[in-house]
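1. I'll drop the sequence and a predicted model, then ask my questions.
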Amino acid sequence: MMDLIGYAAFFLTAALIFSLITLGLNLQWGLTGLFNVGLAGFVAIGAYTSALLTTPDDPARLGGFGLPILIGWLGAMVVGGLAAALTGYATLRLRSDYLAITTFGVAVVVQLVALNAQPLTGGPFGIGFIPRPFGGLAETPLLFNLSNLAIVLAVTLAAYLALEHLSRSPWGRVLKALREDERAAVSLGKSARFYRVQAFAVGGAIMALAGALQAHFIGFIAPDNYLPILTFQVWVMLIVGGSGSNIGAVAGSVLVWAIWAGSGALTSMLFSPEQQARAAALQIVAIGVMLCVILLVRPSGLFGDRPRRLRAAKAAPSAAPESRGP
Amino acid sequence: MSLQFVVDGLLTGSMIGLGAIGVTLTYSILRFSNFAHGDFMAWGTYATLAAVSAIGALFGKVAPIAPLSFGWPLIVALVIGMAFTALLALLLDKVLFARLRRQEQAIIVVMGSFGASMALRSLLEFIFTSRPTYFSRAIQIAMPVGLGIRITPDQIALLLLTAVLVLGVHLLTTRTQTGRSMQAMSQNPALARVVGIDVASVVRVTWIVGAALACVAGVMIGILVQIRPFMGFDILLPMFAAAILGGIGSIPGAVLGGLIIGLAEAGAVQLVGAEWRAAVSFIILMAVLFVRPIGLFGVRER
């Protein structure tokens, strides 16, 4: 029984960290319509920044500086936000696809730096001995898991409330207006690029914070944690939950993480060890197909509010037959 | 610095350029950046590999053509692989992209291509495992051609093949009615429809040309480097960068962009080391976006 509670706490902690990334993505995509295919890069930036700031001194690489964990998290948000602002500044005046391609490139470059800049990132072996918030409790796993869960829950809740407040504020309304009808919003004197860069930066900072939380929760990071598959998982979480809705982002994350962890456990039971890698590949195929099916069948997800305007346009009698196409 | 990087760069550049033609066509005519394009490459290569083995099983061992490392089976298999890749692209368009396009939000199609890319790649990993394979394990002797440059017969053959294909696609898009319809679609889709251009057939030709060239580029990687499920995904960023550097919609631009990126990568490998190779295309991409976002031969969007 105690084991079960411990595992539930562990599972929820992981799921809530994903929720935090998804919340950041929801601000970028759901609210503002900015397509980020390199979010793993921003998560990695947060994780590495916080790890560098808080780990004890290591002669093999730069730092660590042994600073308090909170400073690490703040630093992660600042660096992640700056990286996102720079990416947005470079691409947001151009077509939306260019942002997608650039973020994709950011993830590739971050992965490259993590792997090769040994003096900064520890190279392929990553960084260990990242201090844990309740490291003293590690002897009693249950208490340790529960206190981790409490911290992650508090941070996620704070981010959720802040984002809910932001999306209802005048600032959030401008973002929605830009997403729905850029020309109308611009004609009201709102600088589209300025608002979008802000939203992209805040979203990047939240992702970086999530990366930092995860690093301190596991205590060890390596480049392998931030492969494109992470980006992909978070996207599926947001689409399943419904882009545009913060509660959907959280619910989608928990649901998809449950499916992911469950199917992972299932494949490790059903397949022999030498077939594991193949079974894991099949798991990704299934999730990829799921993403496409949801986009086709129910693009608004479980809680989404996305294509209101489009549906209205389609209901117009003149548009309906033409949209079928030949 | 040895001049060898010119040959290496031209070869890498040919692979990138052939792939970038598909990216730039999809982007300008179907109006989305296709993240699954690299995986068409990998699927085409594995299809070609399968066809080679099938031919080998039917006809026994065939001797390679004099100086090259491969014989006619690979050439026949390449044609089969190109047809297969084109069919795969058409199928994916039918079940996924065409339907997503009807939602009239370009970025949803991009997301669909991202999902499809993950699924396609992992399916390859499931079928063939992630272990690298090769068309031929024979080692070719590189011939010195002066100035400290060495080149193998395979490399010469593939460079020639690239030149022929690029010329062919260029003639197709500039001298034939189909090509003119494609240009019309990319410049003004609404007007193209009004003057009675068969949109469905333009879309088909776009997929067929892009996918077939992706297959050739993949097979080139397979002959010169190795075959892995991730081979296409790893070259995706250079392909996007080449398409944007050349100017979206421009086929000569895509090829030139690919060659520039290939040469820059090969130069960087000599100067700073192979492990930083993937950063080159990102730096070039950022420079283009800051300095001249329409690229070398691009036209400003209306």
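-> Here it is on my side, so go on. Residues are numbered from 1 along each chain as shown, chains lettered A, B, ... in the order given.

2. Taking the stretch 201-302 of chain B, what residue is nearest to chain A?
-> Closest contact between the stretch 201-302 of chain B and chain A, by C-beta to the nearest C-beta, is at B:Phe282 (4.1 Å). Heads up, the C-betas are built off the backbone N, CA and C, glycines and all.

3. what about that residue, which helix or strand?
-> Element membership for B:Phe282, per DSSP states H and E: helix B:277-291.

4. Hmm, A:Gln111 and the residue of the stretch 201-302 of chain B closest to chain A touching each other?
-> No. Here B:Phe282 lies out of contact with A:Gln111, judged by C-beta atoms under 8 Å, at a distance of 11.0 Å.

5. Let me see the contact set for A:Ala9.
-> A:142, A:145-146, A:148-149 (C-beta atoms under 8 Å, 6 or more residues apart in numbering or on different chains).

6. Okay, the closest residue in space to it that isn't next to it in sequence and A:Leu92: tell me how far apart.
-> Distances taken as C-beta to C-beta, 6 or more residues apart in numbering or on different chains place A:Asn145 nearest to A:Ala9, at 4.0 Å, with adjacent residues excluded. Look at A:Asn145 and A:Leu92: by C-beta to C-beta, to the nearest Å, they are 41 Å apart.

7. For chain A, give me the ranges with low pLDDT.
-> Residue ranges of chain A with pLDDT under 70: A:1, A:135, A:138, A:304-326.

8. how about the helices in it?
-> For chain A, helices defined by DSSP state H occupy the ranges A:2-25, A:39-54, A:69-91, A:96-116, A:118-121, A:141-168, A:170-180, A:182-187, A:192-218, A:228-241, A:246-270, A:276-297, A:308-315, A:319-324.

9. Single out the most deeply packed of those.
-> Counting by mean count of other C-beta atoms under 10 Å in any protein chain shown, helix A:39-54 has the highest mean neighbour count of the helices of chain A, with a mean of 29.

10. And that one, how far out from the chain middle?
-> Averaging C-alpha positions (C-alpha atoms, centre = their mean, to the nearest Å) puts helix A:39-54 12 Å from its chain's average.

11. just checking, what packs against it?
-> helix A:2-25, helix A:69-91, helix A:96-116, helix A:118-121, helix A:192-218, helix A:228-241 (3 or more C-beta pairs under 8 Å, 6 or more residues apart in numbering or on different chains; DSSP states H and E).

12. quick one, the fifth one and helix A:2-25 angle?
-> With axes from the mean of the first three to the mean of the last three C-alpha atoms, to 10 degrees as the criterion, the two stretches helix A:192-218 and helix A:2-25 enclose an angle of 160 degrees.

13. Next, the angle helix A:170-180 makes with helix A:192-218.
-> Using the same axes, to 10 degrees: helix A:192-218 against helix A:170-180 is 110 degrees.

14. B:Gly17 is nearest to which of the helices of chain A?
-> helix A:96-116 (17.1 Å; C-beta to C-beta).

15. Could you check the angle the closest one makes with helix B:277-291?
-> 140 degrees.

16. Enumerate the residues of the stretch 151-300 of chain B near chain A.
-> Counting by C-beta under 8 Å from any C-beta of the partner chain, the stretch 151-300 of chain B comes close to chain A at B:199-200, B:233, B:236-237, B:240-241, B:244, B:275-276, B:278-279, B:281-282, B:285-286, B:289-290, B:293.

17. repeat that for 7 Å
-> B:199-200, B:237, B:240, B:275-276, B:278-279, B:282, B:285-286, B:289-290, B:293 (C-beta under 7 Å from any C-beta of the partner chain).

18. interface residues of the stretch 1-150 of chain A facing chain B?
-> So far as C-beta under 7 Å from any C-beta goes, the stretch 1-150 of chain A lies against chain B at A:35, A:37, A:90-91, A:94, A:96-98, A:100-102, A:104-105, A:108-109, A:112, A:116.

19. how does it look with 6 Å?
-> The stretch 1-150 of chain A comes close to chain B at residues A:35, A:90-91, A:94, A:96-97, A:100-101, A:105, A:108-109, A:112, A:116, as judged by C-beta under 6 Å from any C-beta of the partner chain.

20. Would you agree B:Ser69 falls within a strand?
-> No. Applying DSSP: H, G, I helix; E, B strand; the rest coil, one finds B:Ser69 to be coil, outside a strand.

21. how about whichever strand or helix holds B:Tyr46, does it reach chain A?
-> Per DSSP H and E, B:Tyr46 falls inside helix B:37-59. No. Legend: contact between helix B:37-59 and chain A by C-beta under 6 Å from any C-beta is lacking; minimum distance shown is 10.6 Å.

22. and that helix, which residues are buried?
-> By neighbour count on 16 or more other C-beta atoms under 10 Å in any protein chain shown, the buried set for helix B:37-59 is B:37-52, B:55.

23. With stretch B:26-40 instead?
-> B:26-40.

24. what's next to that stretch, contact-wise?
-> A:97, A:101, B:22-23, B:85, B:89, B:106, B:109-110, B:113-114, B:116-117, B:120-121, B:182, B:185-186, B:206, B:210-211, B:214, B:232-233, B:235-236, B:248-249 (C-beta atoms under 6 Å, 6 or more residues apart in numbering or on different chains).

25. farthest pair in the residues of the stretch 1-150 of chain A next to chain B?
-> A:Ser96 and A:Asn116 (30.9 Å).

26. Contacts only, for the closest residue to A:Arg278 other than its chain neighbours.
-> Nearest non-adjacent residue to A:Arg278, counting by C-beta to C-beta, 6+ apart: B:Phe126, 5.2 Å away. Applying C-beta under 6 Å, 6+ apart, we find B:Phe126 in contact with A:278, A:281-282.
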